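Student: Quick one: sequence and predicted model below, then my questions.
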Amino acid sequence: MLRFEHPEHLYALLLLPLIGLLFWAARQLRQRSLARLGQSSLLARLMPGASRYRQYLKLGLLLGAVALLALGWANPQYGAKLMTYERKSVDVILAFDLSQSMLAEDITPSRLERARRFAQSLSEGLRAERLGLVYFAGAAFLQSPVTTDYSAIQLALRAAHPDMLPNQGTSIADALAVAEEAFEPNNKSHKALILITDGETHDEAAEARAKQAAENGLIIYTIGVGTAEGGFIPIVQNGREMYKRDQTGNPVRSALNEDMLQALAQAGNGRYFNLNAGSEAVLAALKDRIDRMEKRSFEERSFEEYESTFQWFIGLAIALLLAEFLLPYNRKNTSQEGRLFD
């Protein structure tokens, strides 16, 4: 397995076209200067040792050396061994609400953006655990199974938007069902669900589903996003931004349903947190509770003991630079051609 220890140093390869451009500009200037001295046929006889191709050869050696130096600077490494080691963690699934009510701006900049930032910080803080991601609105689907690929979770959260789910509404019971199926069947006591939502739902089955999940060993934490006063829901319709309206034409006001989220957390043997209390405080409290959960052992494999190979690239680059330095621009001329005055 090949990797670069410092891939950002590969930007040095951008010097190659710059050097080529400078060479072309210098050659054009040289040609114009020679043209002022006389005809090209006469100049060729005056400079019989001049080589047309050695300039390009020296340029090629220089470009090759610069390319090898950039690659060596980035330090190519080969994975020498596939390592297997034991790891202990809790399986945690984030259930992220993507209903249109999350667009409400009763908290700045919006419920969706505040929830997204919190979820990204949470996934960073839980890197010791295996994480999964569920999106839900009128229905739910598994965006990412439990994994240690935290960058994939982060990427998915950055792209999260209600437009991804055509079936709008808020079905928390569906989110619980999808999350339960995502856990391994033999995992009965090392799993947690973190539900990030405004709690605005008409789903009466959610609390019953939470109790059933708790009986199967799932601990449910709920994170409330929004305010009790609520706010209107901005939408774009026919290219115009307006507020979502009900059947009577009045703007729909969405409010945080704390009572439902508290009941859900209680049914799931967890705890409710209000994001307005401060993201850092909620993150610390959640991380503390999950850290205290019993960990489950599993095997993880990865390539380790990478062997650096930068010295080969640097050595070859030095050889090319030395060859470029020793190679003359002119070839040896042993003929009588060009001796105009003999």
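Tutor: Received it, and whenever you're ready, just let me know what you need. All of these numbers come straight from a predicted model, not from anything done at the bench.
Student: what ranges do the helices span in the chain?
Tutor: Using DSSP state H, the helices of the chain run over 15-35, 40-46, 54-74, 111-125, 150-159, 172-182, 206-215, 258-267, 279-291, 310-326.
Student: if you average pLDDT over each of the ones you listed, which comes out lowest?
Tutor: Here those differ in mean pLDDT, and the lowest is helix 40-46 at a mean of 60.
Student: rewinding a little: can I get the helices of the chain in TSV with distance to residue 7 and mean neighbour count?
Tutor: Glycine gets a C-beta too; all of them are placed from N, C-alpha and C. Output for the helices of the chain, formatted as TSV (distance: least, Cβ to Cβ, whole Å; neighbours: other Cβ atoms under 10 Å):
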stretch	distance to residue 7	mean neighbour count
helix 15-35	16	11
helix 40-46	47	11
helix 54-74	6	18
helix 111-125	21	19
helix 150-159	14	15
helix 172-182	33	21
helix 206-215	43	18
helix 258-267	43	19
helix 279-291	30	15
helix 310-326	13	15
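Student: okay if I get the ones you listed as TSV plus distance to residue 132?
Tutor: Output for the helices of the chain, formatted as TSV (distance: least, Cβ to Cβ, whole Å):
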stretch	distance to residue 132
helix 15-35	44
helix 40-46	73
helix 54-74	34
helix 111-125	10
helix 150-159	8
helix 172-182	5
helix 206-215	15
helix 258-267	19
helix 279-291	14
helix 310-326	38
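Student: quick one: which of the ones you listed is nearest residue 251?
Tutor: Residue 251 sits nearest to helix 111-125 of all these, at 16.2 Å, using Cβ to Cβ.
Student: Just checking the distance from the closest one to the centre of its chain.
Tutor: 15 Å (Cα atoms, centre = their mean, to the nearest Å).
Student: that older thread, wait, which of the helices of the chain is closest to residue 229?
Tutor: The closest of those to residue 229 is helix 258-267. By Cβ to Cβ, the value is 12.1 Å.
Student: can you give me how far that closest one is from the chain middle?
Tutor: Helix 258-267 has its average C-alpha position 34 Å from the chain's average C-alpha position, going by Cα atoms, centre = their mean.
Student: From the contact counts, what lies against it?
Tutor: Helices and strands touching helix 258-267, by 3 or more Cβ pairs under 8 Å, 6 or more residues apart in numbering; DSSP states H and E, are strand 191-197, helix 206-215, strand 218-224, strand 272-274.
Student: who's in contact with it?
Tutor: Helix 258-267 is contacted from outside by 172, 195, 197, 199, 201, 206-208, 210-211, 214, 220-222, 224, 228, 271-272, 274, using Cβ atoms under 8 Å, 6 or more residues apart in numbering.
Student: at 7 Å instead, please
Tutor: For helix 258-267, the external contacting residues (Cβ atoms under 7 Å, 6 or more residues apart in numbering) are 199, 201, 206-207, 210-211, 214, 220-222, 224, 228, 271-272, 274.
Student: Mind checking the helices and strands packed on helix 258-267 for the one nearest to residue 60?
Tutor: Evaluated over these, closeness to residue 60 peaks at strand 191-197, with 57.3 Å, by Cβ to Cβ.
Student: Please consider this matter closed, and thank you.
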